[in-house]
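>>> Just the structure for this:
(chains A, B, C and D)
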Number of protein chains: 2
Amino acid sequence: MIKKDSKEKILEIASRLFQLQGYHATGLNQIIKESGLPKGSLYHHFPNGKEELAIEAVKYTSLYIEEKIISFFENESDPIAAMQSFIIDTANQFRKPEDIKGIPIGLLACETALINEPLRLACMNAFHNWEQLIVNKFKEAGYKQELAEKAGILFNSLTGGGIMQSITNKDPRPLIAIAEAIPLLFSKKG
Amino acid sequence: MIKKDSKEKILEIASRLFQLQGYHATGLNQIIKESGLPKGSLYHHFPNGKEELAIEAVKYTSLYIEEKIISFFENESDPIAAMQSFIIDTANQFRKPEDIKGIPIGLLACETALINEPLRLACMNAFHNWEQLIVNKFKEAGYKQELAEKAGILFNSLTGGGIMQSITNKDPRPLIAIAEAIPLLFSKKG
DNA sequence: GTCTATAGGCAGATAGAC
DNA sequence: GTCTATCTGCCTATAGAC
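This next block holds a predicted model:
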């Protein structure tokens, strides 16, 4: 079996391009060109075309980020320190232009929130999954339910907004400022 | 003179559509169709086409937000309370779907940061102008230079991320959570 | 300055051989 | 399942009459 898995290959490339360029700026032709696969293969694996591919790509990206969050939580018992490490790691890609990975889900979410309901729901679901990881981490560390939920809600806004600023300015400092502000927001246990 | 100002009319419509749908999902045909003007008029006022129109639309939107920030600052001397009022006002549009105005600059910024340098610079400039308004407001209220600058940097990340979450979830609560968190971040004078 | 018609290219999608 | 050829339609942009 020479080809590893053409479907996963398409998903990986689509996921990367959607993060870098967004949904509407990324063409199927670019995706199949980079994959080396024929267009028929794409439509075989994703019969409903671009929208279905994008929904699967959002799930693919979402899982990747979930695993990244989990790995940071495994290495650090304090939820505040873990969240800070995650954000600093995210910030570091903006030190060199060639390291920039794009915007995981936020760009697709903003692009489609008002004009493509299936994609909006896929993005909302991804955000929700990340939020739950944060909530559970804070609860396990002994935080009150209310404060844990607040941390979950704020996590997505803080990282999403920080990435938006860091990518526009090509500067890691906005995300670093967010990381430094985290302890001020969640300092009280309950 | 029956037509008020066809250039401003195009700018207003383009600004609204770019905020709602983004740069790549908004066609010039849609803009001229909504304006009722012929396509030749658009290219007369913006000879360099879509990119030039988008840059001018970003400036147009930027000025509108600047004026909004200034008006909130005029009505409230405490910078923290003023910032909270501004964010709550931004959140309120997400109570009813028909009130949603879109994402002022952030969507275009995310879409173009890595693939269209002139537009990226236009967005960066808009963010910078807003940031300066915040910095000045905090300094005038007696905050230390360092804390005022921190407030400026965080303002764009917080509002941008909050809008991203509120629009994706069609729920004002993420932005409200941001507004409630503001005092924790900037409570110390110096 | 205003307006129409159209060029030229690329998008997403499909048909059908193998 | 793999791959090629092609369709249809929309996009940005332009030419040129008025």
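>>> Tell me, how many residues neighbour the residue lying closest to residue A:154 once chain neighbours are set aside?
Spatial nearest neighbour of residue A:154, chain neighbours left out: residue B:177 (5.8 Å); criterion: C-beta to C-beta, 6 or more residues apart in numbering or on different chains. All C-beta spots, glycine's among them, are computed from the backbone N, C-alpha and C. Residue B:177: 21 surrounding residues under other C-beta atoms under 10 Å in any protein chain shown.
>>> Can you list the buried residues in whatever helix or strand residue B:177 lives in?
Here residue B:177 sits within helix B:173-185, counting by DSSP states H and E. Neighbour-count burial for helix B:173-185 flags B:174-179, B:181-182, B:185 (criterion: 16 or more other C-beta atoms under 10 Å in any protein chain shown).
>>> Can you name the residues of chain A that neighbour DNA strand C?
A:26-30, A:39-40, A:43, A:49-51 (C-beta under 7 Å from any atom of the strand).
>>> near chain B at all, the helix or strand containing residue A:111?
Counting by DSSP H and E, the element that carries residue A:111 is helix A:106-112. Yes: applying C-beta under 8 Å from any C-beta of the partner chain, one finds helix A:106-112 touching chain B at A:106-107, A:109-111.
>>> Which of the three states applies to residue A:32?
Three-state call for residue A:32 (DSSP: H, G, I helix; E, B strand; the rest coil): helix.
>>> Now for it: which residues touch it?
A:10, A:38-39, A:41-42 (C-beta atoms under 8 Å, 6 or more residues apart in numbering or on different chains).
>>> Which stretches in chain A count as strands?
Along chain A, counting by DSSP state E, no stretch forms strands.
>>> Check it for the residue nearest DNA strand D and tell me.
With C-beta to the nearest atom of the strand, the shortest gap between chain A and DNA strand D falls at residue A:40, namely 2.0 Å.
>>> Could I get the pLDDT score of that residue?
You'll see residue A:40 listed with a pLDDT of 93.
>>> Ok, residue A:5 next?
pLDDT, read off for residue A:5, is 88.
>>> and the gap between it and residue A:40?
For residue A:5, the distance to residue A:40 equals 17 Å [C-beta to C-beta, to the nearest Å].
>>> hang on, the earlier thing: go ahead and name everything in contact with the helix holding residue B:177.
Outside helix B:173-185, the residues that reach it (C-beta under 8 Å, 6+ apart) are A:150, A:153-154, A:156-157, A:181, A:184-185, B:80, B:83-84, B:87-88, B:90-91, B:94, B:151, B:154, B:158-159, B:161-163, B:165-166.
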